[in-house]
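Novice: give me coordinates for this.
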Amino acid sequence: MNVKIEELMVPNVITTRPHVTVGHVKGTMRNADVHVLPVVGPDCEPLGIVSATDLLDETSDTTPVSQVMTEKVYTIPQYEEVSVAARIMRNHHIHHLVVTHEQKVTGILSTFDLMKLIEGKRFVMKNPGSESTRKRSKRE
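Specialist: Residues are numbered from 1 along each chain as shown. Presented below is the predicted three-dimensional model:
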């Protein structure tokens with residue numbers, strides 16, 4: 001499978017900055033119907049990631065997102081193959097990868113995006129031979 005990340009990623013991803021408040025991020029996520037936002041620096045470089053799960057704790061809406069974001073952000077170049085993304089997600093038990101080009105955020109890839117590859121494919125279990133067929137083949 002030679003599908004590249006850029007073919008499957010969500011481009012023009014909504015990002016946030018470290019100084020933005022938790023309340024603002026919650027509103028952005030709700031309005032955009034997303035569950036994760038990359039946190040970027042002045043040159044759009046990834047600094048962290050904030051997910052809806054990070055916002056579940058009792059944190060004041062005035063708290064800067066930098067205090068609740070996950071600083072360990074996994075990235076993948078947009079020209080990489082999706083099999084690499086799947087392996088990273090599986091190995092690190094994560095559901096989102098920040099997609100980059102020249103160290104700048106260009107998109108996001110989720111496990112749901114990876115499912116698009118198998119969506120519509122038919123996986124049919126081969127029918128085992130009937131009992132009579134199996135017995136006959138043993139006698140021959």
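Novice: now for Thr111, how many residues are close by?
Specialist: Neighbour count of Thr111, defined by other CB atoms under 10 Å: 14. The C-beta positions use only the backbone N, C-alpha and C, and glycine is treated the same way.
Novice: skipping adjacent residues, who's closest to it in space?
Specialist: If the residues on either side of it in the chain are set aside, Thr111 comes closest to His95, at 4.8 Å by CB to CB, 6 or more residues apart in numbering.
Novice: what's in contact with the helix or strand containing Leu37?
Specialist: In this assignment (DSSP states H and E), Leu37 forms part of strand 36-40. The set of residues external to strand 36-40 that reach it, using CB atoms under 8 Å, 6 or more residues apart in numbering, is 13-18, 25, 28-29, 46-52, 65-66, 69, 73, 95-96, 98, 105, 108, 110.
Novice: out of the residues you listed, which sit inside strands?
Specialist: Pro46, Leu47, Gly48, Ile49, Val50, Ser51, His96, Val98, Val105, Ile108, Ser110 (DSSP state E).
Novice: buried residues, stretch 25-42. List them.
Specialist: Within stretch 25-42, the residues scored as buried using 16 or more other CB atoms under 10 Å are Val25, Lys26, Met29, Val34, Val36, Leu37, Pro38, Val39, Val40.
Novice: just the closest of the residues you listed to Ile5, please.
Specialist: Sorting the buried residues of stretch 25-42 by how near they are to Ile5, with CB to CB, puts Pro38 at the top with 14.6 Å.
Novice: what stretches of the protein score poorly on pLDDT?
Specialist: 1, 120-140 (pLDDT under 70).
Novice: show me the helices in it, by range?
Specialist: 5-8, 22-32, 82-92, 111-115, 131-139 (DSSP state H).
Novice: in CSV: the ones you listed, plus distance to Asp61.
Specialist: Conversion of these to CSV gives the following (distance: least, CB to CB, whole Å):
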stretch, distance to Asp61
helix 5-8, 34
helix 22-32, 3
helix 82-92, 30
helix 111-115, 28
helix 131-139, 66
